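Student: return a 3D structure for these sequence lines:
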Amino acid sequence: NHLPMLMLIIESPEKVFPSLDEPEVVDFNTYLESSTTNEDHTEAFRTAIKDINKTGKTLYIRKGVYLTDEIQLHDCSNFKIYFSPGSLVKIKTSPPKKNIHSCGISIRNSRDIHLLGRGCIDHQAYENFWKAGNDYSHGFPGYDFYGKMEPIDPDLDPFFSQAAMLIVNSQNIE
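Tutor: Predicted coordinates for the structure are as follows:
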């Protein structure tokens with residue numbers, strides 16, 4: 001159909017959990033002004049990721065609802081993000097007919113990043129495509145496009161710019 005592709009990955013339950021008592025674990029709540037559901041947490045995510053980048057530390061996302069425009073892991077390395085059970089990261093929806101492109105998690109030019117836990121990321125595809133009436137079909141490449149190996153503009157291509165997770169030019173992402 002005309003909706004974006006859906007991918008489900010089933011993993012075995014975790015056996016080791018990070019603890020907020022460990023010195024290498026950073027509590028995301030310390031970056032929040034408040035923990036209200038309607039608050040925009042975009043800057044808190046950006047600041048926290050900047051602080052743990054290249055440290056080997058784990059950012060611990062507690063149970064709760066977090067609203068953001070996109071979690072960007074660009075030019076990053078050597079850290080973990082743990083989404084605890086009951087944590088829900090909601091990606092902001094595009095206003096009706098605005099077709100604003102955003103990924104849930106965008107990883108570019110990065111390496112050695114581990115995303116762990118039983119939390120959820122809600123990319124809100126239903127809200128973007130049906131409820132808001134947005135049309136992301138422009139710029140979508142066909143089979144011939146891929147065969148030619150032409151560059152893809154992630155700002156226009158809905159497969160990339162509306163992906164729940166996009167990994168580009170990165171290594172050892174778990």
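
Student: need the strands for this structure, in chain order.
Tutor: 25-27, 58-61, 64-68, 71-74, 77-83, 87-91, 105-108, 111-117, 120-122, 165-168, 171-173 (DSSP state E).

Student: state the pLDDT value of the residue nearest to Glu70 when sequence neighbours are not counted.
Tutor: Once flanking residues are discounted, Glu70 sits nearest to Ser102: 4.5 Å by Cβ to Cβ, 6 or more residues apart in numbering. C-beta: built from backbone N, CA, C; applies to glycine. You'll see Ser102 listed with a pLDDT of 71.

Student: ditto for Val168
Tutor: 85.

Student: again, but for Ala132
Tutor: On the pLDDT scale, Ala132 gets 57.

Student: circling back to that earlier point, give me whichever of the strands of the chain is most buried.
Tutor: Ranked by mean neighbour count, these are led by strand 58-61 with a mean of 22 (mean count of other Cβ atoms under 10 Å).

Student: tell me the span between the first and last residue of stretch 25-41.
Tutor: 19 Å (Cα to Cα, to the nearest Å).

Student: hmm, who's touching it?
Tutor: 18-20, 44-45, 47-48, 51-52, 57-62, 64-69, 82, 92 (Cβ atoms under 8 Å, 6 or more residues apart in numbering).

Student: return the helix or strand in the chain with minimum mean pLDDT.
Tutor: helix 143-148 (a mean of 42; mean pLDDT, DSSP states H and E).

Student: how far away is the residue nearest to Glu70 from Asp27?
Tutor: 26 Å (Cβ to Cβ, to the nearest Å).

Student: do the same with Asn172
Tutor: From Asn172 to Asp27 the distance is 25 Å (Cβ to Cβ).

Student: any buried residues in the top helix by length along the chain, and which?
Tutor: Counting residues, the longest helix in the chain under DSSP state H turns out to be helix 42-52. Residues Thr42, Ala44, Phe45, Arg46, Ala48, Ile49, Ile52 are the ones in helix 42-52 that count as buried (16 or more other Cβ atoms under 10 Å).

Student: next, format these as JSON lines and append distance to Leu115 and pLDDT.
Tutor: JSON lines is the format used below for those (distance: Cβ to Cβ, whole Å; pLDDT from 0 to 100):
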{"residue": "Thr42", "distance to Leu115": "18", "pLDDT": "91"}
{"residue": "Ala44", "distance to Leu115": "17", "pLDDT": "95"}
{"residue": "Phe45", "distance to Leu115": "13", "pLDDT": "95"}
{"residue": "Arg46", "distance to Leu115": "16", "pLDDT": "95"}
{"residue": "Ala48", "distance to Leu115": "14", "pLDDT": "97"}
{"residue": "Ile49", "distance to Leu115": "12", "pLDDT": "97"}
{"residue": "Ile52", "distance to Leu115": "13", "pLDDT": "98"}
